[in-house]
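Engineer: I need the structure of the sequence given here:
(one chain, ligands or ions: 1)
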Amino acid sequence: MASLGNPLVEECADGVYRLGTTYVGFYLLFEGGKYTLVDSGLPGYWDQLTSFLDGRGHSIDDIEAQILTHHHMDHRGNSERLREAGAPARIHHIDAPFLENEAPPPKAPLWRLPVLRYLGHLVKNKAMKTQSLTEYTTYDDDELLEVPGRPRVVHVPGHTMGHCSMYLGEQKAVLAGDALGGMDAYTEAIGPCLAPSFVNDDDQLALESLTRLESLDADKVLVVHGPNFNGPIAEAVALARKAAAA
Ligand SMILES: [Zn+2]
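Structural biologist: Reported below is the predicted structural model:
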């Protein structure tokens, strides 16, 4: 599926845009003429971001804040560059130390062809050149972030211990981060699922954290890896549990 790596721009909900690719998405929340970025994609996506803003008569200067769901490199490829351009970054305090002291790369099962293809996409889009974030502030669980789009923090540990999803009450949407994905990393089968074990800090905890997402009033599950899920989040969680048990 070559299209997994093709550039993608999608309005997912009122004022909520997904950019990046099907492999790696990131989000823009637009409110009051300003933007919040939720995660920042891969370094190779920079031109896509600037041309999207340009096409709307805006620029990087209109990004007021960036919110990171967790510390993994494929979620913050442009974050240091955006910080230098004036968009401060925030992350949960448990994941914050990894922004300066990078965690060792996971031991990926390279004999799985879809995994190899995904890593090829990361390399092509310069993921390995991701700069460490030198300055940031932290957020806490359940905090309503006073940035454009006003996302609410939902701490859902397991993928990483400080991993958080972002809830958009007005749009009834959840920016899942890597608490829920839209595509099986080993088979590229479409559907809600957990991230693969080799990138999770704690599989069991990731599974338990789904209970928290399940209780949200949402019918749009906006993921980073794979296609989004349009339907009640309880249904997405049920499908992910089923996939994990298989
Ligand atoms: Zn991750």
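Engineer: all strands for the protein, in order.
Structural biologist: Per DSSP state E, the chain carries strands over the ranges 10-13, 16-20, 25-31, 34-38, 63-67, 89-92, 137-139, 152-155, 164-168, 173-177, 181-183, 190-193, 220-223, 229-230.
Engineer: most packed of the ones you listed?
Structural biologist: Burial of those is given as mean neighbour count (mean count of other CB atoms under 10 Å); strand 173-177 ranks first at a mean of 29. Any C-beta I mention is one placed from the backbone N, CA and C, and that applies to glycine too.
Engineer: list the buried residues for the helix or strand bottoming out on mean pLDDT in the chain?
Structural biologist: Least confident helix or strand of the chain, by mean pLDDT, DSSP states H and E, is helix 113-124 with a mean of 93. Buried residues in helix 113-124, counted by 16 or more other CB atoms under 10 Å: 114-115, 118, 121-122.
Engineer: so which bits of this structure are right by the ion?
Structural biologist: With the criterion set to CB under 5 Å from the ion, the chain comes near the ion through 72, 178.
Engineer: if we go to 6 Å?
Structural biologist: Near the ion, the residues belonging to the chain are 70, 72, 159, 178, 199 when assessed by CB under 6 Å from the ion.
Engineer: elements contacting the least confident helix or strand of the chain?
Structural biologist: Helix 113-124 sits against no helix or strand, with contacts defined as 3 or more CB pairs under 8 Å, 6 or more residues apart in numbering; DSSP states H and E.
Engineer: who touches that helix?
Structural biologist: Helix 113-124 has contacts (CB atoms under 8 Å, 6 or more residues apart in numbering) with 4-5, 21, 23-24, 42, 44, 74, 108-110, 128, 185-188, 196.
Engineer: do stretch 45-62 as well
Structural biologist: 7, 9, 17, 19-21, 24, 26, 28, 33-35, 41, 63, 77-78, 81-82, 85-87, 125.
Engineer: inside helices: which ones of the contacts of helix 113-124?
Structural biologist: Using DSSP state H, the subset of the contacts of helix 113-124 located in helices is empty.
Engineer: please list only the buried members of these.
Structural biologist: Here, 16+ other CB under 10 Å leaves 4-5, 21, 23-24, 42, 44, 74, 185, 188, 196 buried among the contacts of helix 113-124.
Engineer: format those residues as TSV; extra columns: pLDDT.
Structural biologist: Listed next are the buried ones among the contacts of helix 113-124 as TSV, based on pLDDT from 0 to 100:
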residue	pLDDT
Leu4	95
Gly5	94
Thr21	97
Tyr23	96
Val24	97
Leu42	97
Gly44	98
Asp74	95
Ala185	92
Glu188	93
Pro196	94
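Engineer: of the residues you listed, closest to the ion?
Structural biologist: Nearest to the ion among those is Asp74, at 6.5 Å by CB to the ion.
Engineer: on that earlier part again, pipe the buried residues of helix 113-124 into a markdown table and attach distance to Thr50 per row.
Structural biologist: Formatted as a markdown table, these follow (distance: CB to CB, whole Å):
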| residue | distance to Thr50 |
| --- | --- |
| Pro114 | 30 |
| Val115 | 30 |
| Tyr118 | 25 |
| His121 | 20 |
| Leu122 | 21 |
